[in-house]
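Colleague: I would like to see how this sequence folds:
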Amino acid sequence: MVVSGSAANAFHTMIKLLAGFCLALSPWALASPESTLSLTIEALPSQQAVLVSWPTTIGVLYQPQSTSDLASGEWTDLTPVLGDGTPKSVQVPIAGNATYVRVKYGGTETAVTPLFDASTVREPDIKVETSSALITHLADRARDRHAREDIVGGVIFRKYDHYLTWYWEQRVANIEIIDRIAKGGSTITFNYTTQAALNPAEFRAFFRVDSPLSGYHHNVQATLVSTHPSIRYPGETDYNYTTTLSTQQPENRPLRLGDRIEIEISQFLLGSTLRNGRENYYGTTFLYMVGEGVVPWYAKIREELTDPVARAAASFDSSPLPRTAWLGGLTTLPYQYSNEPQHRFKQTAGNISPESGHPFMLGRRLHNTDFRTGGHVEPGNPVMPEHAGKVGPKYVAQSCVSCHGNNGRALPPNVGETLLRSVVKVGIDPNGTPHPTLGEELQPFATSGLAEGTAVLSSYEYTSGTYADGTVYSLRKPRYGFQGTTPPYFSVRMAPALVGLGLLEAIPEASIQTLADPNDTDGDGISGRIASIEDPTDPNIRRLGRFGYKGSQAMVNHQIAYALNRDMGVSSALFPTLDGDSSSQAPEVTQTELAQMNRYVSLLGVGAKRDLTDPDVVRGEALFETASCVKCHTPTLQTGPHHPFGELRNQTIRPYTDLLLHDLGPGLADTMGEEGVSGAEWRTAPLWNIGLTAGVSGGEAYLHDGRARTLEEAILWHGGEAEQAKENFRTMPAADRAAIVKFLKAL
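Modeller: Residues are numbered from 1 along each chain as shown. The predicted structure is shown next:
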């Protein structure tokens with residue numbers, strides 16, 4: 001079926017749908033035809049609906065509409081579709097004797113340009129299949145101790161997930177796993193490369209359940225096969241080792257598809273080749289599934305037991321986590337058994353690549369650098385003198401981790417104290433027009449002269465409510481005072497958690513657009529819309545906003561560069577003009593350094609879902625859906641095939657967000673919005689790993705300003721589009737409410 005349309009505001013040929021056949025009518029409302037597209041119709045088995053399909057253009061918004069009364073002129077919007085260059089379709093129900101369908105396209109108001117497409121330069125895939133093997137490439141870092149060591153023989157370890165000094169230098173190993181069994185062979189070869197010689201080159205495989213949590217059935221020294229100047233890391237020397245497995249242990253039989261191989265590569269570094277730091281380290285505990293690759297793992301037998309004594313004594317042998325627990329796809333981390341909850345948000349993605357391993361560590365170093373002193377915030381690490389004195393002249397924080405402690409959510413200060421781990425956005429009107437003297441943000445510190453002033457948490461305003469069962473609850477709303485200039489309009493934003501951001505960046509725009517329903521065409525009270533924002537590199541390009549409480553940034557590196565500029569007074573080529581200034585200045589971080597910080601933040605691993613067999617958690621997940629929470633907190637999304645980082649491509653993830661803007665009512669509204677987003681609109685917050693908040697942050701505080709002390713309070717503050725979902729929760733029996741909270745705590 002051939003149709004025509006104008007580029008600005010056109011429709012496909014209108015179609016009359018009858019029971020069993022389709023009739024093409026004359027083109028609808030056509031102006032100067034500039035394109036010709038094919039439209040196909042496919043009958044569905046129910047005979048009550050058809051599938052209407054058409055080719056799409058990247059960045060073009062398509063709006064299908066239907067009506068059963070052509071004379072009325074009233075059309076109903078169906079699910080909108082953002083083109084990504086592939087054919088798209090919409091299911092159209094047939095109502096009455098005939099249904100008319102048209103597809104409007106070419107609109108520009110909400111059209112956005114995708115970040116990535118088939119022309120994007122991409123790094124190698126993590127896994128590659130050849131005719132003879134499945135080949136997996138990974139990076140690893142030196143560890144202090146073993147993965148399962150909490151308290152062993154009365155000795156407290158808890159030294160697996162933390163970082164030792166000099167972690168960015170000579171302490172990243174690159175691993176290649178050549179699985180010939182996947183293609184009918186009989187062996188698996190492990191090749192790995194270090195930047196310091198190993199002495200000895202210990203390779204461990206097949207965990208021993210009778211060990212003191214660090215023993216393996218297979219413990220050998222790998223063979224050094226070559227050394228040469230490093231291609232990937234100029235100035236380093238590559239030491240290449242290899243070892244091959246053919247036998248499953250302890251069964252002592254040939255390896256076969258589906259076998260589990262837990263491995264640990266120890267980095268016992270030879271002192272004569274080591275420049276700084278100590279010599280002996282261990283490595284990450286990986287679980288390799290023969291024929292599949294490396295997967296996130298847990299101690300299945302132990303986790304399935306509820307009795308604490310039995311659980312403590314149960315086997316720690318590794319098993320693959322069920323896929324429903326992979327919140328971050330293959331970036332998901334194994335369970336943590338070393339009892340270091342504060343370090344959970346600092347880990348490399350579970351599938352981190354050799355291209356990312358070392359740059360991730362360099363980005364981490366910058367993330368932990370004080371840009372006033374050049375010092376590393378973790379003791380024992382050397383100063384970066386090239387970054388001393390770069391903060392300011394006005395600023396909020398001296399380092400990224402000043403606000404993002406442990407990469408987790410910031411906690412509000414005590415009443416009467418100054419806000420130090422949050423951003424106070426300011427303006428002269430409700431639209432967020434910058435303040436003439438304060439700019440866009442209140443910056444409480446200065447390297448010279450007077451600072452702009454400070455915001456103080458002066459008090460809380462408390463209100464009471466009642467659950468349907470009569471239980472009373474209390475909510476608190478913060479009140480602020482200002483020392484110095486008092487902005488007429490402001491919005492307080494606590495620093496959010498950082499995990500999973502690269503995965504959110506990798507979701508195709510079309511997937512997010514299909515979740516939008518700005519006009520609430522389905523009448524469910526939810527009208528989420530995308531944040532369409534200007535690309536900082538080109539004002540003619542519109543992007544889909546994903547990051548920040550209002551969706552104000554489209555990419556992770558944009559968010560980092562903006563935070564460096566506004567929060568720390570550090571310029572970059574991306575944002576060279578500091579807040580409140582009118583002229584640009586030379587970049588104080590290089591493009592390479594910004595790329596390293598981007599890789600670090602983008603590839604932080606996401607913790608796995610926990611308590612998988614707990615009946616309350618299972619029931620709470622079902623109740624979370626029936627309460628309609630999932631209408632905004634979308635459980636499952638898919639990343640696209642075009643992101644530059646191989647770790648992030650084609651991953652099924654469970655972030656519990658639609659990345660859309662929703663009006664949450666006057667209770668959560670601030671006095672000002674920004675960039676076309678009202679004070680009451682907020683981007684749906686991802687919920688993955690929200691249950692780790694207390695361990696990472698040292699306490700609990702939720703929502704944009706930290707007013708909610710518990711997850712229950714966070715839910716009860718929801719209004720506007722989320723009013724019905726909130727009421728569904730409020731009117732539940734106490735046991736059901738507790739089940740929902742327990743489910744959230746398991747994420």
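Colleague: nearest residue to the middle of this structure?
Modeller: Centroid-nearest residue in the chain: G500, 2.0 Å away (criterion: C-alpha atoms, centre = their mean).
Colleague: contact partners for that one?
Modeller: Going by C-beta atoms under 8 Å, 6 or more residues apart in numbering, G500 touches L327, G328, T331, L604, V606, I653, P655, P686, W688, N689. Glycine gets a C-beta too; all of them are placed from N, C-alpha and C.
Colleague: just the ones in helices from those residues, please.
Modeller: Using DSSP state H, the subset of the contacts of G500 located in helices is empty.
Colleague: and the residues you listed, which is closest to E169?
Modeller: Nearest to E169 among the contacts of G500, counting by C-beta to C-beta, is L604 at 20.5 Å.
Colleague: and that closest one, how far from G408?
Modeller: Separation of L604 from G408 (C-beta to C-beta, to the nearest Å): 11 Å.
Colleague: helices along the protein, start to end?
Modeller: 300-304, 308-313, 354-367, 400-403, 501-505, 509-513, 556-568, 591-602, 615-626, 693-697, 711-716, 723-730, 734-745.
Colleague: which stretch among the ones you listed comes nearest L138?
Modeller: helix 354-367 (7.1 Å).
Colleague: just to revisit the earlier point, of all the helices of the chain, which lies closest to G449?
Modeller: Closest to G449 of the helices of the chain, according to C-beta to C-beta: helix 556-568, at 17.2 Å.
Colleague: the closest one vs helix 591-602, what angle?
Modeller: 100 degrees (axes from the mean of the first three to the mean of the last three C-alpha atoms, to 10 degrees).
Colleague: pretty sure A506 sits against Q638.
Modeller: No - checked against C-beta atoms under 8 Å, the pair A506 and Q638 is beyond contact range at 9.3 Å.
Colleague: residues shared between the contacts of the two?
Modeller: Q651.
Colleague: who has more neighbours out of those two?
Modeller: Counted by other C-beta atoms under 10 Å, A506 and Q638 do not tie: A506 has more neighbours, with 26 against 14.
Colleague: I'd like the helices of the chain as a markdown table, with distance to G215, mean neighbour count and mean pLDDT appended.
Modeller: Shown next, in a markdown table, are the helices of the chain (distance: least, C-beta to C-beta, whole Å; neighbours: other C-beta atoms under 10 Å; pLDDT from 0 to 100):
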| stretch | distance to G215 | mean neighbour count | mean pLDDT |
| --- | --- | --- | --- |
| helix 300-304 | 17 | 17 | 95 |
| helix 308-313 | 17 | 10 | 88 |
| helix 354-367 | 27 | 23 | 98 |
| helix 400-403 | 36 | 21 | 97 |
| helix 501-505 | 35 | 25 | 98 |
| helix 509-513 | 45 | 22 | 95 |
| helix 556-568 | 40 | 23 | 98 |
| helix 591-602 | 33 | 22 | 98 |
| helix 615-626 | 32 | 17 | 98 |
| helix 693-697 | 28 | 20 | 98 |
| helix 711-716 | 40 | 20 | 98 |
| helix 723-730 | 48 | 19 | 98 |
| helix 734-745 | 33 | 19 | 98 |
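Colleague: any common contacting residues for L604 and G408?
Modeller: Joint contacts of L604 and G408 (C-beta under 8 Å, 6+ apart) are F345, L498.
Colleague: what's the span of stretch 294-303, first residue to last?
Modeller: 20 Å (C-alpha to C-alpha, to the nearest Å).
Colleague: picking up where we left off before, tell me how far the residue nearest to the centre of the chain lies from W682.
Modeller: G500 is 18 Å from W682, by C-beta to C-beta.
Colleague: same check on Y460?
Modeller: 20 Å.
Colleague: for these two, work out which one has more neighbours and name it.
Modeller: Ranked by neighbour count (other C-beta under 10 Å), Y460 and W682 place W682 first, with 25 against 14.
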